[in-house]
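1. Return atomic coordinates for the entry below.
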Amino acid sequence: MSMESLAALVDRGFYFQAVPDEQGEIEVVVGSYGWYGYYDRIHVWGEDEAVAARELSDHRPFSGTVVWSYEGGAADTALALLELPKPGEPGAPTVARAAPSSLWLPLLSRRRRQ
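-> The predicted model follows:
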């Protein structure tokens, strides 16, 4: 992820944490930011693989219901998340749908099930 994209997400108030695999190596870096009724998150698996989503907030870590998602390279995914209108603004997504499987954390991710 470019430093500019990472810095912009941090400036917006995103909190990041590394999630290790069973050997203690970083498997994914997860960033999240809460809004009233929603929260945004990004999972960075590598420079060329990331997923971001805006989820409906029901006070659980992962509701499984999103109103928006994007998958691509880390920099493009971060930029798409930064360009997403804030909840309540014109153009902000509101229609709920099932979250992509790539949003599950490592122990539940598609990488572990393969």
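
2. Walk me through the regions of this structure where pLDDT falls short of the threshold, as ranges.
-> Across the chain, the stretches falling below the confidence threshold (pLDDT under 70) are 1-3, 59-63, 104-114.

3. switch to 80 and redo it
-> Applying pLDDT under 80 to the chain flags the ranges 1-3, 6-7, 58-64, 100-114.

4. All the helices of it, in order from the start?
-> Counting by DSSP state H, the chain has these helices, from start to end: 3-12, 74-83, 110-113.

5. need those in CSV with distance to residue 25 and mean neighbour count, can you?
-> C-beta coordinates here come from the backbone N, C-alpha and C atoms, glycine included. As requested, these are exported to CSV (distance: least, C-beta to C-beta, whole Å; neighbours: other C-beta atoms under 10 Å):
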stretch, distance to residue 25, mean neighbour count
helix 3-12, 20, 14
helix 74-83, 18, 19
helix 110-113, 13, 11
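
6. who's in contact with residue 100?
-> Listed by C-beta atoms under 8 Å, 6 or more residues apart in numbering, the contact partners of residue 100 are 51, 53, 66, 69, 71.

7. Oops, could you answer that again for residue 103 instead?
-> Taking C-beta under 8 Å, 6+ apart as the test, what residue 103 contacts is 41, 43, 51, 53, 62, 66, 69.

8. Next up, phi/psi of the residue located most distally from the centre of the chain, please.
-> Note on the chain: the largest C-alpha distance from the chain mean falls to residue 23, namely 23.5 Å (C-alpha atoms, centre = their mean). The phi and psi values for residue 23, taken as degrees, to the nearest 10, are phi -90, psi 0.

9. Return the distance of residue 79 relative to residue 5.
-> Counting by C-beta to C-beta, to the nearest Å, the gap between residue 79 and residue 5 amounts to 6 Å.
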